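Trainee: Here's my sequence, what's the structure:
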Amino acid sequence: MLRASCTVTGVVLSSIAGTSIALSPALPFDTVTACLQLTSGTLELTPESKRTLTAFVKLLSPVAQRTQWAGVTLSRSVVGTDLQEPPFLSDPEGVYVTTSRKDSSGRVHSTQSRIYQQATARILMSKILSLELAEAQTVSFGERHSTDPAECQLELAAHALLGPPPPTFRVYDCTPDGCKERAHK
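Mentor: Numbering: from 1, shown residues only. From the prediction side, this is the model:
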């Protein structure tokens with residue numbers, strides 16, 4: 001079940017590959033986030049990331065099939081300007097976005113992103129993360145290749161109602177030590 005390294009993050013309005021994910025009409029919901037890392041050069045989760053994913057799934061598991069949305073972004077850094085290396089996980093499909101910009105020193109920052117169709121997203125999520133997450137009502141899987149290193153190699157976000165309807169949105173951040181509700185400011 002825990003075969004890949006991932007970053008898991010969720011927000012009320014999430015952005016995957018530069019496109020906003022719309023709020024579910026079935027409000028309210030809670031958001032669960034986590035940041036996972038991969039073992040160098042593989043799609044295998046580090047031991048710490050496996051514990052984080054276990055905590056994430058455990059928090060959602062009582063309501064996994066009622067999870068309104070689960071989204072994953074796999075971020076891989078590239079050396080040089082060849083955004084095709086490493087190869088993307090799936091054949092061309094879905095939405096593609098390529099961006100480039102120069103910073104004040106003249107260095108070019110480039111990113112190429114894909115957002116896969118739902119069927120492919122479910123397959124990738126079940127193989128890399130867990131079958132439970134792939135059972136969410138709506139799923140998305142985006143892949144980003146960038147010349148800039150990512151803080152999280154695999155980001156996952158989930159929206160679900162974890163308890164009684166909240167008066168405000170609750171956000172849970174997951175780490176290897178478990179998931180904790182973020183303090184409201």
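
Trainee: pLDDT weak spots in this structure?
Mentor: For the chain, the stretches flagged by pLDDT under 70 are 1-28, 63-66, 82, 92-93, 165-167, 184-185.

Trainee: Quick one: list the elements packing against the longest helix along it.
Mentor: In terms of residue count, the longest helix belonging to the chain (DSSP state H) is helix 47-60. Under the contact definition 3 or more Cβ pairs under 8 Å, 6 or more residues apart in numbering; DSSP states H and E, helix 47-60 sits against strand 30-36, helix 131-134, strand 154-160, strand 171-175, strand 178-181. C-beta: built from backbone N, CA, C; applies to glycine.

Trainee: Check the offset of that helix from the chain's centre.
Mentor: 13 Å (Cα atoms, centre = their mean, to the nearest Å).

Trainee: between that helix and strand 171-175, what angle do the directions make?
Mentor: With axes from the mean of the first three to the mean of the last three Cα atoms, to 10 degrees defining the directions, helix 47-60 sits at 150 degrees from strand 171-175.

Trainee: where's residue 48 relative to residue 114, distance?
Mentor: 27 Å (Cβ to Cβ, to the nearest Å).

Trainee: cool, residue 172 as well?
Mentor: Per Cβ to Cβ, residue 172 is found 28 Å from residue 114.

Trainee: Also residue 145?
Mentor: 9 Å.

Trainee: Please report how far the spatially closest residue to residue 153 that is not a sequence neighbour lies from residue 115.
Mentor: Leaving out its chain neighbours, the residue that sits closest to residue 153 by Cβ to Cβ, 6 or more residues apart in numbering is residue 38, at 4.7 Å. According to Cβ to Cβ, residue 38 stands 20 Å off from residue 115.

Trainee: picking up where we left off before, which residues do residue 145 and residue 114 both contact?
Mentor: Taking Cβ atoms under 8 Å, 6 or more residues apart in numbering as the criterion, residue 145 and residue 114 both touch residue 88.
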